[in-house]
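*Asks:* Pasting the sequence and the predicted coordinates here, then a few questions.
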Amino acid sequence: GASLTRTRVGDVYVAERTTETDVVFGGEPSGAWIWPEETLCPDGPLAACKLVELVAERGALSGLVSDIEGYPIRRTSIEVEAKATVMADVSEGVSEQYDEIDTLDGVRVETADGWFLLRASGTQPLIRVTAEARSAADAEALFEDAQALVTEAVRTRGSDGGGN
């Protein structure tokens, strides 16, 4: 019965969203897990306690996750000098090739087989590339397409993604 809401990457954005009354949990793959009834900060020891509580109430973790379908994911980072310029070029290239695009945080594309996200790192001179799908082959294909969009934008700006 749960629903999913996306935020920008970063625990501050997740925490901000968890202040809304309909949110019981917020998290992101980095391990920033937030239970707003307890705290609005990512809390590793609290996450460990929640996991122990879950196992104590429902049984072994292996049994709890055995029926959850896994989705192959691919990630990399591409070093660039001019993140904003490269992302503008990437956004233009994506809009020419795909219909379902979300620009909440970077450029996220949904396809029938999975999704990919291209976004500038908030702390480093990098473009992050992530792709996920129901099969390894589909994840790899989406990953290669996404990576090609970034490398093409970098190539047209010069070897380092510059050109500003």
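*Replies:* Now that the structure is in, tell me what you want to look at. Numbering: from 1, shown residues only.
*Asks:* can we go C-alpha only for contacts and neighbour counts from here?
*Replies:* Fine.
*Asks:* now the protein, which segments are flagged as low pLDDT?
*Replies:* Scanning the chain for pLDDT under 70 picks out 158-164.
*Asks:* And the strands in this structure?
*Replies:* Assigned by DSSP state E, the chain shows strands spanning 26-27, 33-34, 73-79, 101-102, 107-110, 114-120, 126-133.
*Asks:* List of residues touching the first one?
*Replies:* Okay, so that is strand 26-27. 11, 14, 15, 17, 18, 32, 33, 34, 35, 36 (Cα atoms under 8 Å, 6 or more residues apart in numbering).
*Asks:* mind putting the residues you listed in CSV, distance to residue 125 and neighbour count included?
*Replies:* Listed next are these as CSV, based on distance: Cα to Cα, whole Å; neighbours: other Cα atoms under 10 Å:
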residue, distance to residue 125, neighbour count
11, 20, 21
14, 23, 24
15, 25, 23
17, 27, 20
18, 29, 21
32, 22, 18
33, 26, 21
34, 28, 24
35, 32, 20
36, 32, 20
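*Asks:* between those, which is closest to residue 119?
*Replies:* Checking the contacts of strand 26-27 against residue 119 with Cα to Cα, the nearest one is residue 11 at 15.9 Å.
*Asks:* ok, now which ones touch the nearest residue to the closest one once chain neighbours are set aside?
*Replies:* Distances taken as Cα to Cα, 6 or more residues apart in numbering put residue 32 closest to residue 11, at 6.0 Å, once the chain neighbours are dropped. With contacts defined as Cα under 8 Å, 6+ apart, residue 32 is in contact with 11, 26, 42, 43, 44.
*Asks:* buried set for the lengthiest helix in the chain?
*Replies:* With secondary structure taken from DSSP state H, the chain has its longest helix at helix 136-157. Going by neighbour count (16 or more other Cα atoms under 10 Å), the buried part of helix 136-157 is 138-143, 146-147, 149-154, 157.
*Asks:* same thing with stretch 63-81?
*Replies:* Neighbour-count burial for stretch 63-81 [16+ other Cα under 10 Å]: 73, 74, 77, 78, 79, 80, 81.
*Asks:* wait, which of the residues you listed is closest to residue 113?
*Replies:* residue 73 (12.3 Å).
*Asks:* Any figure for the gap between that closest one and residue 116?
*Replies:* In this structure, residue 73 and residue 116 are 9 Å apart, going by Cα to Cα, to the nearest Å.
*Asks:* Overlap of the contact sets of those two?
*Replies:* 130, 131, 132.
*Asks:* Only the buried subset of those, as a ChimeraX command please.
*Replies:* Those of the shared contacts of residue 73 and residue 116 that count as buried under 16+ other Cα under 10 Å are selected in ChimeraX with:
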select :130,131,132
